[in-house]
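A.B. asks: no sequence on hand, only this structure:
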């Protein structure tokens, strides 16, 4: 099936700019209170439950969701502004971000009403954390190669197998995971996968940390051994989760977080070169800012399409692919440009510390949201090229 590739020209309305001022003022207060340091890029290693609750109290979680579930029924473009400001400020978003971005929308679409009424308001209040259970050992980002089994039993399913690269599983209250409920067919290798809501911190689940060269603990291996999931925790169609997961990934792959992960080194470089950069620095920074602006326009466009009820899977994959490559290369480009920064620059030490961290963390960006190879396969299929 061939998709028409389209990035609608979307402009953020005035109400978004007013919201941006509110978010910046809130973050400035949090920084002044010592909640986090915007110059320390440790967002993904910071669990800040009280900050999460304060963001929820502002009405900035579940912004697009129905009010009966605690949402605000605001636009995807308004949510985009909140996400962008949080990311640029290096705010500690770990506890609420996945639940707000994609787990909540999945529950709204597929969960029984009693589960929606219980869990969604708590997400909106910033009280609970979600993880995503997709990748498995020996299958990488090939979702359809998943082998972790969900076997039917009285009242539900028994889960056996392993998920890997599971961000925040060690602090998560819930996981939305894909398990195999039957074998794929010759005609459709995507058949046989089902989506489940998993309540964490129970017998039958073991979470093993995966260390990173930055010293952080973000990724995990999650091992299920005869773990029981009740019947009403099945989300959507049994054996048909591939359709649901494809739509879910449009939320995961298209936001500003997909190109702002190492953005802090660019702003620090601008601070270091000062208001009168030499020609080499000005040209280099200009190229990077132009590339950033282009990706931002594409990402805003996807947010506008989501607002219009569309499922821009191919466009979201393009944003993720281009964004990942850019944010992985950014620390190296900044390091080259910083070679000629005066040693007397007041923030030279901060820039060097940020570059050291960014260069170490950049390799893991390939894994988040699907590897480059898988993304390009999705794009090629959507364009009818394979």
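C.D. replies: Nice, thanks for sending it over. Computed from a prediction, not measured in an experiment: that's the story for all the values here.
A.B. asks: which residues are in contact with the residue lying closest to residue 231 once chain neighbours are set aside?
C.D. replies: Computed as C-beta to C-beta, 6 or more residues apart in numbering, the closest residue to residue 231 that is not its neighbour in sequence is residue 156, at 4.8 Å. C-beta coordinates here come from the backbone N, C-alpha and C atoms, glycine included. Counting by C-beta atoms under 8 Å, 6 or more residues apart in numbering, residue 156 touches 228-231, 233.
A.B. asks: for residue 83, same thing?
C.D. replies: With C-beta under 8 Å, 6+ apart, residue 83 has these contacts: 101, 255-257.
A.B. asks: assumed it was part of a strand.
C.D. replies: No. Assignment of residue 83 by DSSP: H, G, I helix; E, B strand; the rest coil gives helix, placing it outside any strand.
A.B. asks: okay, now the domains of this structure?
C.D. replies: Per the record, the chain has its domains at 14-128, 132-240, 254-382, by automatic domain parsing.
A.B. asks: now do the second one, average pLDDT.
C.D. replies: In this model, domain 132-240 has an average pLDDT of 91.
A.B. asks: please apply the same query to the last one.
C.D. replies: Looking at domain 254-382 alone, the average pLDDT works out to 87.
A.B. asks: and that domain, end to end?
C.D. replies: Using C-alpha to C-alpha, to the nearest Å, the end-to-end distance of domain 254-382 comes to 16 Å.
A.B. asks: follow-up on the earlier one: make a markdown table out of the contacts of residue 156 and add neighbour count.
C.D. replies: A markdown table is the format used below for these (neighbours: other C-beta atoms under 10 Å):
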| residue | neighbour count |
| --- | --- |
| 228 | 16 |
| 229 | 23 |
| 230 | 12 |
| 231 | 12 |
| 233 | 19 |
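A.B. asks: now, the residues you listed that are in strands?
C.D. replies: Secondary structure defined by DSSP state E assigns 228-230 of those to strands.
A.B. asks: specify which member of those is nearest to residue 82.
C.D. replies: Of all the ones in strands among the contacts of residue 156, residue 229 has the smallest distance to residue 82: 32.5 Å, by C-beta to C-beta.
A.B. asks: ok, the residue lying farthest from the centre of the chain to residue 270 distance?
C.D. replies: Outermost residue of the chain with respect to the C-alpha centroid, by C-alpha atoms, centre = their mean, is residue 344; its distance is 37.4 Å. Distance from residue 344 to residue 270, counting by C-beta to C-beta, to the nearest Å: 17 Å.
A.B. asks: ok, now residue 343?
C.D. replies: Relative to residue 270, and taking C-beta to C-beta, residue 343 is found at 18 Å.
A.B. asks: got the buried residues for stretch 82-97?
C.D. replies: For stretch 82-97, the neighbour count (16 or more other C-beta atoms under 10 Å) marks 82-97 as buried.
A.B. asks: pull the number of nearby residues for residue 214.
C.D. replies: Using other C-beta atoms under 10 Å, residue 214 has 18 neighbouring residues.
A.B. asks: ditto for residue 108
C.D. replies: Residue 108 sits with 16 neighbouring residues when counted by other C-beta under 10 Å.
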